[in-house]
Every structure is written in C-alpha cells, then in structure tokens.
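[1] Build me a model:
(2 chains)
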Protein chains: 2
Amino acid sequence: MDLRELIEKRSREARENYLPHISIDCVVFGFHEASLKVLLPKVKGQDKWALPGGFIGKEEELHAAAGRILKERTGAENIYLQQFKVFAGLNRSEGFFKDFPEGLWYGERFISVGFYALVDYTHVAPVVDELSEACEWVTVDNLPHMIMDHRHILDKALITLRRQLNYKPIGYNLLPEEFTMPELQKLYEVILGKTLNRGNFYRKMTGYDILDKQEESRKGGAHKAPNLYKFNLDKYKAALKDGFKEGW
Amino acid sequence: MDLRELIEKRSREARENYLPHISIDCVVFGFHEASLKVLLPKVKGQDKWALPGGFIGKEEELHAAAGRILKERTGAENIYLQQFKVFAGLNRSEGFFKDFPEGLWYGERFISVGFYALVDYTHVAPVVDELSEACEWVTVDNLPHMIMDHRHILDKALITLRRQLNYKPIGYNLLPEEFTMPELQKLYEVILGKTLNRGNFYRKMTGYDILDKQEESRKGGAHKAPNLYKFNLDKYKAALKDGFKEGW
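    Next comes the predicted model:
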C-alpha cells in the first residue's frame, strides 16, 4: 500500500478511535559517539523525514499515548518522556495533505502536544513502521529536510533541553548506566552548544554530590583507564527538585 | 439565567464555533502590596472559584484564543501570556457535569492548555462575566476552594514561574513601570518562596546591568525617598536570551 492509500485507510479508522484535532509529536534524543542524535522515521515514498507522531485514544491518558506512539513508530520503549510545548499554528501542515480528498481526518486542523524523549542509545533497536521507509538516528547538527513544522518542533525541543538541564534528569536518561567524567562533560557540551572548562566541570559536578565513583575503572584502552561513575539516584533526584543553583 | 441553563445554551453554540475536546485555562498573576495574587472568577451560584477558561475557535490561533478568553472572562487585556503545560487527565472535570444531560458539549473530555498571564495589577479592572458572580484578586498563599483540577493547574503555574524567573521577563510584566529595589526584591521573594539577602540581591541585580536608575526618587514617605528604577528593555531582553547565569 502506498502512503496515500495508507493515510486514507488510517483516516477512516482514526475517526472511530482517537480524539479529533489533537495529536502528539515526539522528539527522541539519544547520545552516541560524542554527539546528540534524534530518532527520525523517513516518510514512505518521499525524500523527507518526520517526527514520530500520532493521536490520543478517546479514553487514553496523554502520557500513555505518547509512550504507545513511540513504541509503534520507532520501537523505543520504557523511555523518559516529557511534554514541553503545544504547536497549534493554523498552517502547521503546510499543504502536506493538499492533494488528498476533502474531509480526510488527517487533513483537519491538529493541535499537537510536543514531547521530548530521552533514551539510552544502546537500548533502542529502531523499527520501521508501515508509514515509513526507514527509521534512523540523525545528528542534530546535520538534520535532513523535514515535513510540516517538524523542524520547528525539533528546534524548540533542543532549546527546552538546554533550559531544563539543571532540573530534569537529562544526563541520567541519555547516558549508559556507567560513564566517565569526560563523557558526561561532552553530553553537557553538546546540549549547551559550547565547550566547558574541564577543571570547572569536574569541580562543580563533584560539588553537587550526585555521582558515585565505581571501584572498577574502564578496561581496554591504550591510555590509563578512566574512572567510571554512576548517578546516585536518591541524591540526584533530591538535587533536581530545587534545580542546580549554578549555571554552566 | 442560572449556571445550568447557561451551560446548556453555551454547549449548543460551542459545537458550532469551537474545536472539540481542547480548552484553555489561564492563571493570571499580579503583584500588589508585597504579595503575589491570582485573578479568579467565582462560579455563579456555587461556593467555588475557577480559573478563567474557554475554547479555541475553529480558525483561531491558540495564543489569540487565550487573549480573547482572558478579556471576556476577566477584563484583562494586552497582557503577557505564556503557555506552560497541557492538562489531560481522564477525570479532570471531577464530576462537575455529572448532573447535566448526556451529550453536553461542556461535559465531554477536554484536554486543556494551561497559560500563565502576567499583569501590572494597577492596569486591570476586573469584569464579572455571565458564568460568574464575582472576579477577584486572591493571594496565592490563601486560595479558596476551586473546581475540577484548577488548583493543580494553578500550583503548576507557580512552579513554572519560579523556574522561568531567570529567562522570561517576569519582573517586567508584574511590576509597574517604576519601582524600588526593595519592591523588586519582594517580588523575587514571593515567587521563590524564600527571603533573600538584601545586599546580595542588590549586588546581583546591579551586576546584571538591566536596570536604569531614575533621576527622580519616590516622593511622599516619612523616610528618605527610595531610588526608583526602570527595566532597560534592550539590555533586559538580551540578558534573558541566555538566561541569568546565577541562581538566587
């Protein structure tokens, strides 16, 4: 079935099952090889990419809907999800459905709740759903052409991530369980979009008292094995409650 | 017309004009006599208060809808409005419409976009609309009983205000054009919910270089006339762009 047939078929089913005029779009962030990435489906038969999105069941909680959509459209499961902004512009779809028949459910006005998702990159095996021809991790500083207002939503998610770095468990959700101090610093640098002084970063991070140094250091490099850390979840959560006092 | 008749009448009209299942609720903050206040309508014929809320026209922009709703329901106009969170719980209305007829538009599931509004208290002349029997400024630390999940929405707005103090023009929108340093400090204290050291506050605020000291000081007190300040809008906006680096 091509994209057009699929959307027409899904439009008929959607009217039965979902709330009209309200959608969800997700920006899924992962961190790998020192860069921040987003997980994007490629639209079937088009040279454009999209945010994984979908609709809210008539009796479904909003957060549960976002989790279900992500699982169906990307394969990502049990991940940290945070709503961050509503996108409601009258021309959001930018003519995407203009060649479709009148009265198409997908073609109506949709107000979309933007969620960002944070995942441990190593835990996701991307799935290609029937609306897509690929689903890939893309580096945020080299994004492909995206449909509708999806690039705008992605940009707003990035700004939000930057602002929330001091009071949401962003590091915890993007890094593997154990990590080195340079890896943590690199994550902060790519989110903030600037380099940080290594000594200052180490001093501040240690001062927050949210990391547990592990007894074993990382094996196998040519250099001296770097120390490994884990977040101390209790202390981390307590610190996030008030937000970290200093900026970066 | 009593509340029940009004809601039934409005339900019939609403289906024609507004998007179904999506609403807006506003938390209007003002600052007066050293306390933070919210502007609340009192529900007609009930001993309960509500957030001013309403619906989105089928072809109306979200932000414009919030502005229109506030004007209609409270009289407040041309004010700073910021969406902050979506409230979508399945039982949000908490049985408020349970004695109304089946199929009532107001009684359907609504996902509500929360906005906070910041106003110069002295510029608002509250208006009582037909759904209300009063519309008053209430101090945030002495709130009355509220309908549905409105208290929850209000609490979330307060938390948001606290977090955004360093990168949204919150002081500018809540204070009169000219103010003293102790007034500005008091505003920060009531939003943050804690007292601040006077010397540190003065030093940090001056360090940000966002205030213009006025030539005239305030007339008429028994004490030495305090200095008056205005925000320097250009410098203030530039500083907010990156957020103030230090916490309070």
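[2] which is the next helix or strand following the longest strand along chain A?
    Criterion DSSP state E: the longest strand present in chain A is strand A:18-32. Downstream of strand A:18-32, the next assigned helix or strand under DSSP states H and E is strand A:35-43.
[3] now the angle between strand A:35-43 and the next helix-or-strand element following that following strand, please.
    Next helix or strand after strand A:35-43 toward the C-terminus (DSSP H and E): strand A:53-57. Between the axis of strand A:53-57 and that of strand A:35-43 there is an angle of 70 degrees, by axes from the mean of the first three to the mean of the last three Cα atoms, to 10 degrees.
[4] could you check the angle strand B:18-32 makes with strand A:53-57?
    Using the same axes, to 10 degrees: strand A:53-57 against strand B:18-32 is 90 degrees.
[5] Tell me who's in contact with A:L187.
    By Cβ atoms under 8 Å, 6 or more residues apart in numbering or on different chains, the contact list for A:L187 reads A:F31, A:L36, A:G171, A:L174, A:L175. All C-beta spots, glycine's among them, are computed from the backbone N, C-alpha and C.
[6] Could I get the buried residue list for the longest strand of chain A?
    A:18-31 (16 or more other Cβ atoms under 10 Å in any protein chain shown).
[7] List the beta-bridge partners for the residue nearest to the spatial centre of chain A.
    Among the residues of chain A, the one closest to the centroid is A:V28, at 1.9 Å (Cα atoms, centre = their mean). Taking DSSP bridges as the rule, A:V28 bridges to A:A117.
[8] Distance check, it against chain B.
    As judged by Cβ to the nearest Cβ, to the nearest Å, A:V28 and chain B stand 19 Å apart.
[9] Over to A:T180?
    A:T180 is 26 Å from chain B, by Cβ to the nearest Cβ.
[10] nearest residue to that residue other than its sequence neighbours?
    When the adjacent residues along the chain are set aside, A:T180 lies closest to A:P226, with 4.3 Å between them (Cβ to Cβ, 6 or more residues apart in numbering or on different chains).
[11] Contacts only, for that neighbour.
    Per Cβ under 8 Å, 6+ apart, neighbours of A:P226: A:T180, A:M181, A:P182, A:S217, A:R218.
[12] and if you look at A:A239?
    A:Y208, A:D209, A:I210.
[13] Derive a PyMOL selection command for the buried subset of those.
    To isolate in PyMOL the members of the contacts of A:A239 that are buried, counting by 16+ other Cβ under 10 Å, one can use:
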select buried, chain A and resi 210
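[14] Identify those among the contacts of A:A239 that sit within helices.
    Taking DSSP state H as the definition of helices, the contacts of A:A239 contribute A:Y208.
[15] Chain B: which of the contacts of A:A239 is nearest?
    A:Y208 (12.7 Å; Cβ to the nearest Cβ).
[16] For the closest one, which non-adjacent residue is spatially closest?
    A:Y208 sits nearest to A:A239 (Cβ to Cβ, 6+ apart), 5.8 Å away.
[17] That neighbour belongs to a helix?
    Yes. Counting by DSSP: H, G, I helix; E, B strand; the rest coil, one finds A:A239 located in a helix.
[18] quick revisit: over to the residue nearest to A:T180. Which of the three states is it?
    Under three-state DSSP, A:P226 comes out as coil.
[19] just A:L161 next, same as before
    A:L161 is classified as helix under three-state DSSP.
[20] Contacts only, for A:R12.
    A:R12 neighbours (Cβ under 8 Å, 6+ apart): A:W105.
[21] number of nearby residues for A:R4?
    The local packing of A:R4 (other Cβ atoms under 10 Å in any protein chain shown) involves 14 other residues.
[22] I'd assumed it was in a strand, is it?
    No. A:R4: not assigned to a strand; according to three-state DSSP it is helix.
[23] Surely it touches A:F100?
    Yes. A:R4 lies in contact with A:F100 (Cβ atoms under 8 Å); the separation is 7.0 Å.
[24] contacting residues around the residue lying closest to A:A134 once chain neighbours are set aside?
    Of all residues not flanking A:A134 in the chain, A:K42 sits nearest, at 4.0 Å (Cβ to Cβ, 6+ apart). By Cβ under 8 Å, 6+ apart, the contact set of A:K42 is A:K48, A:W49, A:A50, A:S132, A:E133, A:A134, A:C135, A:E136.
[25] what are the phi and psi angles of the third one?
    What that stands for is A:A50. phi -140, psi 160 (degrees, to the nearest 10).
[26] Can you report how many residues neighbour it?
    A:A50: 19 neighbours (other Cβ under 10 Å).
[27] okay, it: pLDDT?
    The model reports A:A50 with a pLDDT of 97.
[28] Likewise for A:L36?
    Value for A:L36, per-residue pLDDT: 95.
[29] likewise A:G247?
    Looking at A:G247, the pLDDT reads 59.
[30] Which parts of chain A are strands?
    A:18-32, A:35-43, A:53-57, A:80-87, A:111-118, A:132-139, A:211-213, A:229-231.
[31] Quick check: A:G30 vs A:G171, distance?
    13 Å (Cβ to Cβ, to the nearest Å).
[32] Mutual contacts of those two, please.
    Counting by Cβ under 8 Å, 6+ apart, nothing touches both A:G30 and A:G171.
[33] Count residues in the vicinity of A:M205, would you?
    For A:M205, the count of nearby residues is 18 (other Cβ under 10 Å).
[34] May I have the predicted confidence score for it?
    For A:M205, pLDDT reads 91.
[35] Please give me every residue in contact with it.
    Here A:M205 is in contact with A:M181, A:L184, A:L211 (Cβ under 8 Å, 6+ apart).
[36] Then A:R163?
    A:R163 makes contact with B:Y167, B:G243, according to Cβ under 8 Å, 6+ apart.
[37] How much space separates it from B:L192?
    17 Å.
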